[in-house]
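Peer 1: this one's structure only:
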C-alpha cells in the first residue's frame, strides 16, 4: 500500500474526497449506514499496521495523517485516547449526538488487539462533528 508511483499528483488526495467517500458513499450506499463494513475494514487495517506498542501506534496514526492522538486517561482496565485534527474537524456540527469516526476507532481497536494479544473494545465517546473539542475513544482492555 505504501508504494506510490504518481509522479505528478503525488501520494495525497484531498480531504474532501475522503469525506465524500466516508460520509456519502458508505453511509448512503451500504446497509446500516455502512457501520458494519467500516468496522470490519478498520479492524483489518489496524491489525495490519506495523506497530508493536501503543506509542508506535499513536506515532503512526499521526504519520498517516489520520489524526493527532494522545492518551488523556489510563488505568489498568481502560484508556481514553483523544484525537485532534480528525478528518471530521471543521464539518458542520450535527444536531444529534451521532459519532461519525467509527473507522478511526476500529483502526485503533484492530491495532490494540494485536499489540495487547487479546481482544479489546473501542468506542467513540466524543466527536468534533457533535460539537466536542476533539474526537475521543474509550478503550476497554
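Peer 2: It's in. Every value quoted in this text rests on a predicted model; they were computed, and no experiment measured them. Residues are numbered from 1 along each chain as shown.
Peer 1: any low-confidence regions in this protein?
Peer 2: 1, 24-34, 97 (pLDDT under 70).
Peer 1: residues contacting residue 56?
Peer 2: For residue 56, no contacting residues are found, by CB atoms under 8 Å, 6 or more residues apart in numbering. No exception for glycine: its C-beta is placed from N, CA and C like everyone else's.
Peer 1: disregarding residues adjacent in the polypeptide, which is nearest to the residue positioned nearest the centre of the chain?
Peer 2: In the chain, the centroid-proximal residue (CA atoms, centre = their mean) is residue 104; its distance is 1.0 Å. Closest residue to residue 104 apart from its sequence neighbours, by CB to CB, 6 or more residues apart in numbering: residue 66 at 5.9 Å.
Peer 1: and residue 23, by the same measure?
Peer 2: residue 100 (6.9 Å).
Peer 1: neighbours of that neighbour, how many?
Peer 2: 23 (other CB atoms under 10 Å).
Peer 1: that one touches residue 88, doesn't it?
Peer 2: Yes. Taking CB atoms under 8 Å as the definition, residue 100 is a contact partner of residue 88 at 5.7 Å.
Peer 1: anything in contact with each of these two?
Peer 2: Joint contacts of residue 100 and residue 88 (CB under 8 Å, 6+ apart) are 127, 129.
Peer 1: buried ones in stretch 5-21, by neighbour count?
Peer 2: Judged by neighbour count using 16 or more other CB atoms under 10 Å, the buried positions of stretch 5-21 are residue 19.
Peer 1: er, stretch 89-102 I mean
Peer 2: Applying 16+ other CB under 10 Å to stretch 89-102 flags 89, 99, 100, 101, 102 as buried.
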